[in-house]
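Trainee: Sequence plus predicted model, see below.
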Amino acid sequence: MPEDSIEHINFKELNKNAISQPLVKHIYTADPSAHVFAGKIYIYPSHDIDAGDAFDDLGSHFAMEDYHVISMDHIGAEPVDHGLALHVKDVKWADKQMWAPDAAEKDGKYYLFFPAKGHDGIFRIGVATSHSPSGPFVAEPEAIKGSFSIDPAVFQDQDGSYYMYFGGIWGGQLQRWRTGAFNGEHPESPTAHIPNDNEPALCPKIAKLSADLLQFAESPKDVVILNEQGKPLLAGDIDKRFFEAAWVHKYKGKYYFSYSTGDTHFICYAISDSPYGPFTYQGRILEPVVGWTSHHSICEVDDKWYLFYHDSSLSEGVTHLRNIKVTEITYDQNGQIQTLKPYKD
């Protein structure tokens, strides 16, 4: 929802008409990555902290420094905050901005994947491990070799392969890697190095993970999103093109790649027969929420499918103080996800 419209919102009425309520209210949480581990729902959000930083398009105000893990026995159950799972001070290579994480499980071991800015100001992606899905997690001493940008999402396929999807433009720095090396020119500009509107849109990335889930098993590749005519989306297709918040789930044999369009505030999705794509654009999952960002995950729980997402209703529109939510999604007979409005008319 556009920033300049927030001041006109009646938040009491908006919360009354919301399709879901904040899952936790004692801290601000965002970017929820949800999984079912050992029969319980575990949510891995980022932790919004009011650091007093002014809003800017580089995301400098998102000064998150740690992670908490939230669990629920079932949808509708009382959420449990398991406390501090990982702090930036315990990550040797990281300096600040612990943004949206994700998690995975393999052979009884749990992996927390997270982005952070190194001491050189460049985003990398790290991994931390635990013997419990709720942590605490111990970070590897170095970031994943060859990693960059933000928003890691790890998908486990039915054959036992694990893939990481990642990337985010503007403050997420994806545009600064267009040549394969980091371009530090014009650091004050979030849109420097963005393609022209008539050029192909920047692509999220995919890399298969190594057997121990600690490194890439291959160089990252583009995840191409095609329009309805089979052509790659253009940078000017701002209501459809990828901005950040990659997520993949599988439904009836098809791979569903969902993502945020960022500055146009939609959660969209595309479908493919391969985890590598190309993916064909299908439509919107979620219309804009209150607050600048939109970031989600999709998880199957007890044979139903749920969208975990966030808005800024708890902080009454303060964009960098968000709260996680959950609501059910449905598919039609053709596998199309029905578009949700976050607030009833």
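Mentor: Looks like it arrived, so ask away.

Trainee: Show me which parts of the helix or strand bottoming out on mean pLDDT in the chain are buried, residue by residue.
Mentor: The helix or strand of the chain with the lowest confidence, counting by mean pLDDT, DSSP states H and E, is helix 11-17 at a mean of 92. Buried residues in helix 11-17, counted by 16 or more other CB atoms under 10 Å: 11, 14, 15. C-beta coordinates here come from the backbone N, C-alpha and C atoms, glycine included.

Trainee: Kindly indicate which of the residues you listed lies nearest residue 224.
Mentor: Nearest to residue 224 among the buried residues of helix 11-17 is residue 14, at 37.2 Å by CB to CB.

Trainee: SS state for the residue positioned nearest the centre of the chain?
Mentor: Geometric centre of the chain, nearest residue: residue 245, 3.3 Å, by CA atoms, centre = their mean. Three-state call for residue 245 (DSSP: H, G, I helix; E, B strand; the rest coil): strand.

Trainee: That one against residue 151, yeah?
Mentor: Yes - with contacts counted by CB atoms under 8 Å, residue 245 reaches residue 151, the gap being 5.6 Å.

Trainee: which residues are common contacts for the two?
Mentor: Residues within reach of residue 245 and of residue 151 at once, by CB atoms under 8 Å, 6 or more residues apart in numbering, are 31, 100, 168, 295.

Trainee: can you tell me which residues contact residue 286?
Mentor: 266, 267, 294, 296, 307, 309, 339, 340, 342.

Trainee: how close does the nearest residue to the first one once chain neighbours are set aside sit to residue 345?
Mentor: When the adjacent residues along the chain are set aside, residue 266 lies closest to residue 284, with 5.1 Å between them (CB to CB, 6 or more residues apart in numbering). The spacing between residue 284 and residue 345, counted by CB to CB, to the nearest Å, is 17 Å.

Trainee: Tell me if residue 300 really is in a helix.
Mentor: No - counting by three-state DSSP, one finds residue 300 to be strand, located in no helix.

Trainee: Can you give me the pLDDT of it?
Mentor: Looking at residue 300, its pLDDT is 98.

Trainee: can you pull up the bridge partners for it?
Mentor: Beta bridges link residue 300 to residue 305 when assigned by DSSP bridges.

Trainee: For it, give its distance to residue 128.
Mentor: Taking CB to CB, one finds residue 300 at 25 Å from residue 128.

Trainee: between these two, who's got more neighbours?
Mentor: Using other CB atoms under 10 Å as the criterion, residue 300 and residue 128 rank with residue 128 on top: 22 against 14.

Trainee: surely that one meets residue 92?
Mentor: No - if you go by CB under 8 Å, residue 128 and residue 92 don't touch, sitting 11.3 Å apart.

Trainee: shared neighbours, the two?
Mentor: residue 139.

Trainee: what's the span of stretch 183-193 from first residue to last?
Mentor: Stretch 183-193 has an end-to-end distance of 8 Å (CA to CA, to the nearest Å).

Trainee: actually stretch 276-294, not the one I wrote
Mentor: Stretch 276-294: ends 24 Å apart by CA to CA.

Trainee: How far does it sit from its chain's centre?
Mentor: When distances are taken as CA atoms, centre = their mean, to the nearest Å, stretch 276-294 is centred 11 Å away from the chain's centroid.

Trainee: What are the buried residues along it?
Mentor: For stretch 276-294, the neighbour count (16+ other CB under 10 Å) marks 277-282, 284-286, 288-294 as buried.

Trainee: show me the contacts for residue 74.
Mentor: With CB under 8 Å, 6+ apart, residue 74 has these contacts: 41, 301, 302.

Trainee: Actually, residue 264.
Mentor: 238, 239, 243, 288.

Trainee: where's residue 258, which helix or strand?
Mentor: Using DSSP states H and E, residue 258 sits in strand 254-260.

Trainee: Given that strand, what are its sheet partners and their directions?
Mentor: Strand pairing (DSSP bridges) places strand 254-260 next to strand 244-251 (antiparallel), strand 267-272 (antiparallel).

Trainee: Quick one: neighbours of residue 230, just the number.
Mentor: Residues contacting residue 230 under the criterion other CB under 10 Å number 8.

Trainee: How about residue 219?
Mentor: 9.

Trainee: Specify the local secondary structure of the spatially closest residue to it that is not a sequence neighbour.
Mentor: Distances taken as CB to CB, 6+ apart put residue 146 closest to residue 219, at 6.6 Å, once the chain neighbours are dropped. Under three-state DSSP, residue 146 falls in the coil class.

Trainee: In this structure residue 146 contacts residue 218, no?
Mentor: No - if you go by CB under 8 Å, residue 146 and residue 218 don't touch, sitting 9.2 Å apart.
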